[in-house]
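Trainee: Attaching a predicted model along with its sequence, questions to come.
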Amino acid sequence: MKINNETKIGVLAVVGIALLVLGLSFLKGKNLFKKETHLYARYQDVQGLNKSNPVVINGMQVGRIANLDGGASMKSILVTITLYKDIDIPKNSLAVINPNLLGSPSMEIQLGSGGNYLKSGDTLMTTLTSGAFDQALKLINPVLYEVKNAVTSLDSVLGIVTNVFDPTTKNNIKDIVANLNTVTASFAVSAHSLQSMLDVQQGALSHSLNNVNTFTSNLNTNNAKFNDIVENARTASSKFASIDLNKSLDSLNVAINKFKEGAEKINSRDGSLGLLLNDKSLYNNLTSTTNKINILLDDIRVHPKRYVNISVFGKKDKGNYITAPLIDDTLKVIK
């Protein structure tokens with residue numbers, strides 16, 4: 001079968017177009033003969049990132065940026081990442097955009113340390129990065145770069161304070177400052193009082209220290225006496241420890257028992273002492289006998305001749321016997 005020239009030209013055109021498409025796809029990093037893995041990342045600012053920009057891990061390119069879509073609002077941009085091969089990327093990995101002063105930016109995937117890995121269609125976690133100007137400033141003048149960051153942070157803090165602190169909060173802060181001034185004044189008064197107390201000549205602490213010094217000097221002077229007292233106490237305690245306390249207690253118990261027995265005998269009518277204490281007739285007899293002895297003594301005193309006759313020719317005095325004891329007028333009452 002003979003093929004005409006038009007057919008040959010058409011076939012060559014189709015083959016050329018196919019080769020052109022394949023070449024352009026190859027130049028863009030697409031691999032039409034191998035299954036690719038797609039991941040996603042969402043940013044507020046992509047910092048000039050475009051399609052076909054490289055995706056690297058530890059400095060090695062493992063994929064490319066397949067698409068960027070900000071939607072109608074453009075508040076956040078969804079970045080589609082295509083990986084050339086299957087890579088174990090932990091779920092806590094970060095997708096960071098690295099700007100380049102001399103070329104287009106790239107995306108770096110900083111691998112995490114987790115054990116669970118992302119699958120095709122999952123979304124990577126992202127973090128904010130500095131722009132190209134910040135990178136250049138960091139390389140040229142690190143001090144100025146740090147000052148810029150500090151000023152930015154201070155501006156953010158001031159903005160937060162301005163937004164958060166309403167008039168009521170500001171008034172509360174003024175009240176707090178006023179209270180701090182009052183407390184500071186009180187501290188000043190307390191410091192003056194403390195200074196007066198710590199005065200070397202007239203302070204209360206100085207007098208107290210003088211009293212303590214006097215007391216310690218007296219202790220030092222009487223140290224020998226204290227030593228003697230302690231030694232006497234030690235000697236007394238040693239003597240007390242050497243006493244046979246059990247034997248002494250036994251002797252004391254025996255004496256107490258004997259005293260109880262004597263007291264019981266006294267309370268009973270057994271024995272002369274018990275009869276003397278408990279028998280009223282014996283008491284009455286003793287009283288009567290004492291009365292008669294008093295009468296006899298009075299009679300002897302008044303009529304001595306009746307009982308003792310010293311006259312050779314005399315006779316005994318008889319009659320007028322005393323029948324009751326006389327009043328003893330020899331005793332004088334001392335006022």
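Mentor: Nice, thanks for sending it over. Numbering: from 1, shown residues only.
Trainee: Residue 93 - how many residues pack around it?
Mentor: 19 (other Cβ atoms under 10 Å). Quick note: C-beta positions are derived from backbone N, CA and C, even for glycine.
Trainee: quick one: it from residue 16, how far?
Mentor: Separation of residue 93 from residue 16 (Cβ to Cβ, to the nearest Å): 43 Å.
Trainee: Repeat that for residue 282.
Mentor: According to Cβ to Cβ, residue 282 and residue 16 sit 167 Å apart.
Trainee: of these two, who's got more company?
Mentor: Using other Cβ under 10 Å as the criterion, residue 282 and residue 16 rank with residue 282 on top: 13 against 10.
Trainee: hey, where'd the strands end up in the chain?
Mentor: In the chain, the strands defined using DSSP state E lie at 37-43, 54-57, 60-69, 77-83, 94-98, 106-110, 125-126.
Trainee: Let's have those in CSV, adding mean pLDDT, distance to residue 254 and mean neighbour count.
Mentor: Output for those, formatted as CSV (pLDDT from 0 to 100; distance: least, Cβ to Cβ, whole Å; neighbours: other Cβ atoms under 10 Å):
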stretch, mean pLDDT, distance to residue 254, mean neighbour count
strand 37-43, 92, 108, 19
strand 54-57, 93, 107, 18
strand 60-69, 92, 111, 16
strand 77-83, 93, 111, 19
strand 94-98, 91, 101, 18
strand 106-110, 92, 101, 19
strand 125-126, 91, 100, 14
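Trainee: Rebuild these as a markdown table, extending it with distance to residue 188.
Mentor: Listed next are those as a markdown table, based on distance: least, Cβ to Cβ, whole Å:
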| stretch | distance to residue 188 |
| --- | --- |
| strand 37-43 | 57 |
| strand 54-57 | 65 |
| strand 60-69 | 66 |
| strand 77-83 | 61 |
| strand 94-98 | 55 |
| strand 106-110 | 56 |
| strand 125-126 | 55 |
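Trainee: Show me how the record splits the protein into domains.
Mentor: 1-33, 34-129 (automatic domain parsing).
Trainee: What mean pLDDT does the shortest one get?
Mentor: What domain 1-33 shows for mean pLDDT is 74.
Trainee: was I right about residue 307 contacting residue 300?
Mentor: Yes - the criterion here is Cβ atoms under 8 Å, and residue 307 meets it with residue 300 at 5.5 Å.
Trainee: Common neighbours of these two, please.
Mentor: Shared contacts of residue 307 and residue 300 (Cβ atoms under 8 Å, 6 or more residues apart in numbering): none.
Trainee: Quick one: the helices in the stretch 51-200 of the chain, in order.
Mentor: 132-140, 142-164, 167-197 (DSSP state H, counting those that start in this stretch).
Trainee: what comes up buried for the last one?
Mentor: Under the neighbour-count criterion of 16 or more other Cβ atoms under 10 Å, helix 167-197 has nothing buried.
Trainee: List the contacts of stretch 49-68.
Mentor: 28-29, 37-38, 46, 77-85, 87, 97, 104-109, 111.
Trainee: beta partners of residue 64?
Mentor: residue 54, residue 82 (DSSP bridges).
Trainee: Reformat the domains of the chain as JSON lines; add distance to residue 220.
Mentor: Converted to JSON lines, these look like this (distance: least, Cβ to Cβ, whole Å):
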{"stretch": "domain 1-33", "distance to residue 220": "97"}
{"stretch": "domain 34-129", "distance to residue 220": "72"}
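Trainee: nearest to residue 241, of those?
Mentor: domain 34-129 (75.5 Å; Cβ to Cβ).
Trainee: thought residue 118 was touching residue 92?
Mentor: No - Residue 118 lies out of contact with residue 92 (Cβ under 8 Å); the separation is 9.9 Å.
Trainee: These two: who's more crowded?
Mentor: Neighbour totals were compared for residue 118 and residue 92, and residue 118 leads with 22 against 15 (other Cβ under 10 Å).
Trainee: ok, residue 14 - contacts?
Mentor: Counting by Cβ under 8 Å, 6+ apart, residue 14 has no contacts.
Trainee: For it, give its distance to residue 266.
Mentor: Separation of residue 14 from residue 266 (Cβ to Cβ): 154 Å.
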